[in-house]
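>>> with the input below, show me the fold.
(chains A and B)
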Amino acid sequence: MMLMDWYRNDKAAVWLMAAIVITVTLLPLGNLVFPADSPLRVTAYSISLIGKYLCYALLGLSLDLVWGYCGILALGQSAFFALGGYAMGMYLMRQIGSRGVYGNPELPDFMVFLNWQELPWYWFGFNQFWFALLMIVLVPGLLAFVFGWLAFRSRVTGVYLSIITQALTYALLLAFFRNEMGFGGNNGLTDFKDILGFNVHSDGVRASLLMVTGLILIAAFLASRSVINSKLGRVVTAIRDQEMRVRFIGYRVELFKLWIFVFAAVLAGIAGALYVPQVGIINPSEFSPLNSLEIVIWVAIGGRGTLYGGIIGAILVNYAKTLLTGWLPEIWLFFLGAAFIVVTVFLPDGLIGLLQRLPKRIPIRKVKAGAA
Amino acid sequence: MPFDFSHESFRQARHERNQLFTVRPEFVEGLIPSFSNNPILIRILLTDMKSSLAKVCFKLILLVLLYVPGMGSAEDTAAPSDFAIAISKLATASMQEREAAVQQLISLKAPRTLPILQGLLDGQLYKLREGDKLVLAKQQDTGFSLVDAASGDDLGIKESTDIQKIPLNNSLRARLRKSLGNLQLNSTETAIRIEAVKAIAKVLDEESLQLLRDRLAIEQETIVQDQIRLVLALEQLNSTTKSPRIDAINLLKNHPTQEVVNRLNTLVEKDDEGNYLETDSDVRNKAKTALAAINSKISLYSGIETLFFGLSLGAVLVLSAIGLAITFGVMGVINMAHGELMMLGAYTTYVMQQLMPNQLGAAVLLSIPAAFVISALTGIGIERGIIRFLYGRPLETLLATFGVSLVLQQTVRSIFSPLNRSVATPEFMSGAWQINDFLALTWNRFYILIFCLLVFALLLQILQRTRLGLEVRAVAQNRNMAKAMGIPTDWVDAMTFGLGSGIAGVAGVALSQITNVGPNLGQSYIVDSFMVVVFGGVGNLWGTLLAGFSLGIANKLLEPAAGAVLAKILVLVFIILFIQKRPRGLFPQKGRAAEN
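Model (predicted):
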């Protein structure tokens, strides 16, 4: 019954979820079952690529929560993504053990190269998977909590908030470039071997990673959806539309903002953690302010304030990126730039908004009467 | 040389001079030989001049003509025959006679003596195989480039078979060294004298010390006096009696150079067993206090240097932020393409230099207005084409202008290639102002600092004194009211955006002098310039100025302790925290406008 209800209210979302489920089951099958020369065979490259898109989709979803629903244009979302990625990367580095180039059982290669004598304290525990999982959630969440608490409490809003979130990710970018930080400096963390004892590069692990990513994306979508449909979600949406009024009614605006900001940061961190084993590297460029802006354009193109808009936008834009950078690398930035301009000027509601404006037989989204 | 000194010719000359306010060189050239023997005539001519400007010009030309060889034909004046004889002896005679010739050349004090003897010492003095003419030769890829030793005229390039080296023996060489030092010490040019003192200081003996003392007695220039005293004092430290050494330390205290510091350090050093190398405790203590005094001076200098670096970094920040402050502050528009407008300015400089490869300095100066126009037009295009549809939605202007920045970047990358382009630094901007051993200020940063202040002052004047400025401020304060008063807000918006963008272009010209010109130039400055604007307070130019300079100085103060990257991170973190405390910057806008 509930499922049917949901289907009626949110048809597009159900179709999207179904599409994701089908993708993440069929593609690994196509990779594992069919022999290498079969035309139905899905290459390992495609598996990783689709996995990457799904990670980006999760990241887009997280930004849609803060921007689309809370009106905070956070230009530092990539910072949380990268932090989650680094946490996972550190676990994967510790799994290399003595198989590195220098064969040091304790220290990762870059530390041996830099002549470090022992593991820095913040690397301890990362040989345990559960600890890494904890950090993937905790580190981005904690940073978002401290940063958001400071910012929202002093009512830094609008453009100012955008700029200081950009400053945050820029500062982290610079920090992670330093060799002294102990995160591999410029080169970042790479050369991964095992995850949970299985070879990262094997087809089976790739397929499982894709499936896990798909499942987590669906779970995250459902969680976000229930957050947005809860009372908290309604207050958050109200803050987006009239912050002052909500405050005057008596809500503590900063706490609601903080909640949604931290939640989104954790989602972004998880996305980063899923991204790293599938791509095989994490380096400081993930922190770059440009990346954060790209996330914004995914959401803007998809349609903000819809949740699935972020997902669709992320997948579409990245698919276009893969096509264009492979085909005509010079076109890509023109395309991206034009997308920014066209979407903001002509399509403020993104592609979803465009679809909704088309004459429709069945209403795609019905607002429940008396929901407010 | 026939020249008519009649009253008539003088009148004519004066007439010409008064007309031009300067003196035609060919006219003076004719005068000089006779004039330099005739001081009264010179005085008459000088006192006769009514314009002091012309007087200065004339004096300068006189000086130049008297000492620039080859124009005044000086050998005619002093003792033409003696000079010529000495030169020909140098070229042809035996070794003993050559020594005598050198002696004679020195005693003649002719202006060409110095280059000739220097050439002889450096092995660059040759004679032509045909006619025994004495020449200075420099080896080049194609042969030897020759200069007439007697007159300094260029004689072009000859094969090595056409010339013969003037031989030299050791005793002559030693003699030459000393006499050259002496000659240079008595040169009329201050710079040469200082060089001579420095050169002599490297090979001190009793004779050269005496030379220095003699020169000190008659020296007029304080710089040279100081230099000589410094050398003498350093020597005096080696004395065996106490009081001259103490005097020397007292004197050295006021001369903070690396050499002095090293020498004084030897006085307070200990050997391996912990005993002082210097046995005299008075001298030692004196040296210690002197060192302390010098060190405090050095730290003062390094403080000044840090301040200067900070100011120059601040100037760059202010330049890049100030255009942003206008568009962001006055119009509430976030222009993410601001960095790319700076990049356009930098590329304009590059193109101008490509167009005028022989006039690099002029190209840089010309590219200031050119960059302003190009960036301003681009900016107006952006405003009319995109931003005017987005007023009142600041976050979306941010996204749209970011799109513009990507397009501009890629356009430049497609046209000029993704590689960095090098923009030459014009001569007047290169090098450093070496104040002393411990303090040197680079000219390009110095000029950028001044340029930044000029641009700031100009912008302030535009906003305060012009009609456009008035309208811009009116629209910034209350758009609807301004509209009601008949101000064409659309036009003002376009002009404001154009002004801000134009200044970005001008900033790009300055940036091209200190950093690489490439497609990513803008991106690396955009975050910094936003920080400056936000820190200073939106809509406040003075705030931007203060913020830029204080962030620049803070950055440079932190750098020695924390390293460049960490310093930058610390500054960023500081701003993030600062915004929490004062969300509207150092100088927030007051009144209702601030609530929006």
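>>> can you tell me the SS state at B:Q96?
Look at B:Q96: counting by DSSP: H, G, I helix; E, B strand; the rest coil, its state is helix.
>>> report pLDDT for it.
Listed pLDDT for B:Q96 reads 75.
>>> outside of stretch A:199-216, which residues touch it?
A:20-21, A:23-25, A:27-28, A:31-32, A:44, A:47-48, A:50-51, A:54-55, A:58, A:92, A:192-195, A:198, A:270, A:274, A:277-278, A:280 (CB atoms under 8 Å, 6 or more residues apart in numbering or on different chains). Any C-beta I mention is one placed from the backbone N, CA and C, and that applies to glycine too.
>>> in CSV, could you pull the C-alpha coordinates for it?
C-alpha atoms of stretch A:199-216 as CSV (Å, rounded to 0.1, in the frame of the first residue of the first chain):
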residue,chain,number,x,y,z
ASN,A,199,41.8,-7.1,-4.8
VAL,A,200,40.5,-3.7,-5.6
HIS,A,201,41.1,-4.2,-9.3
SER,A,202,39.3,-7.5,-9.7
ASP,A,203,36.0,-7.5,-11.6
GLY,A,204,34.1,-8.9,-8.7
VAL,A,205,35.1,-6.1,-6.3
ARG,A,206,34.3,-3.5,-9.0
ALA,A,207,30.9,-5.0,-9.5
SER,A,208,30.2,-5.2,-5.8
LEU,A,209,31.4,-1.6,-5.3
LEU,A,210,29.0,-0.5,-8.0
MET,A,211,26.1,-2.3,-6.4
VAL,A,212,27.0,-1.0,-2.9
THR,A,213,27.1,2.5,-4.4
GLY,A,214,23.8,2.1,-6.0
LEU,A,215,22.2,0.8,-2.9
ILE,A,216,23.7,3.5,-0.7
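>>> which positions in the stretch 1-150 of chain A make contact with chain B?
Counting by CB under 8 Å from any CB of the partner chain, the residues of the stretch 1-150 of chain A close to chain B are A:L73, A:F147, A:L150.
>>> doesn't the first one fall inside a strand?
No: counting by three-state DSSP, one finds A:L73 to be coil, located in no strand.
>>> nearest to chain A: which residue in the stretch 1-150 of chain B?
B:D141 (43.1 Å; CB to the nearest CB).
>>> what values do phi and psi take at that residue?
Torsion angles at B:D141 (phi, psi; degrees, to the nearest 10) stand at phi -60, psi -40.
>>> equivalent analysis for B:V147, please.
Given degrees, to the nearest 10, the pair of backbone angles that B:V147 has is phi -130, psi 130.
>>> touching, it and B:L155? I think so.
Yes: judged on CB atoms under 8 Å, B:V147 makes contact with B:L155 at a distance of 6.4 Å.
>>> what's the first helix or strand after the strand or helix carrying A:L134?
Per DSSP states H and E, A:L134 falls inside helix A:129-153. Using DSSP H and E, the helix or strand that follows helix A:129-153 towards the C-terminus is helix A:158-177.
>>> burial measure for the nearest residue to A:F287 once chain neighbours are set aside, as a count.
Leaving aside its chain neighbours, A:F287 sits nearest to A:L173 (3.8 Å; criterion: CB to CB, 6 or more residues apart in numbering or on different chains). Neighbours of A:L173 under the rule other CB atoms under 10 Å in any protein chain shown: 22.
>>> what sits against A:L173?
By CB under 8 Å, 6+ apart, the residues touching A:L173 are A:P284, A:S285, A:F287, A:S288, A:P289.
>>> and those, which is closest to chain B?
Using CB to the nearest CB, A:P289 comes nearest to chain B of the contacts of A:L173, at 6.3 Å.
>>> contacts only, for the residue of chain B found nearest chain A.
Nearest residue of chain B to chain A: B:G403, at 2.6 Å (CB to the nearest CB). B:G403 makes contacts with A:L336, A:G337, A:A338, A:A339, A:F340, A:I341, A:T344, as judged by CB under 8 Å, 6+ apart.
>>> nearest to chain B among these?
Checking those against chain B with CB to the nearest CB, the nearest one is A:F340 at 2.6 Å.
>>> can you count the residues close to that closest one?
Residues lying near A:F340 (other CB under 10 Å) number 29.
>>> where in the stretch 1-150 of chain A is pLDDT low?
Scanning the stretch 1-150 of chain A for pLDDT under 70 picks out A:1-3, A:6.
>>> hey, where'd the helices end up in it?
Assigned by DSSP state H, counting those that start in this stretch, the helices in the stretch 1-150 of chain A fall at A:2-9, A:11-32, A:44-63, A:77-96, A:109-113, A:129-153.
>>> and A:R357, how many residues sit next to it?
10.
>>> could you do A:L316 as well?
17.
>>> element containing it, please.
In the assignment (DSSP H and E), A:L316 maps to helix A:308-327.
>>> only C-alpha atoms, please: export that helix in CSV.
Coordinates of each C-alpha in helix A:308-327 appear next as CSV, following Å, rounded to 0.1, in the frame of the first residue of the first chain:
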residue,chain,number,x,y,z
TYR,A,308,16.3,13.5,-7.9
GLY,A,309,17.2,16.7,-9.8
GLY,A,310,20.6,16.5,-8.2
ILE,A,311,21.0,12.9,-9.1
ILE,A,312,19.9,13.3,-12.7
GLY,A,313,22.0,16.4,-13.2
ALA,A,314,25.1,14.8,-11.8
ILE,A,315,24.8,11.8,-14.1
LEU,A,316,23.9,13.8,-17.2
VAL,A,317,26.6,16.4,-16.8
ASN,A,318,29.3,13.8,-16.1
TYR,A,319,28.2,11.7,-19.0
ALA,A,320,28.5,14.8,-21.2
LYS,A,321,31.9,15.5,-19.6
THR,A,322,33.1,12.0,-20.4
LEU,A,323,31.9,12.3,-24.0
LEU,A,324,33.2,15.8,-24.7
THR,A,325,36.6,15.5,-23.0
GLY,A,326,37.2,12.3,-25.0
TRP,A,327,35.9,13.7,-28.2
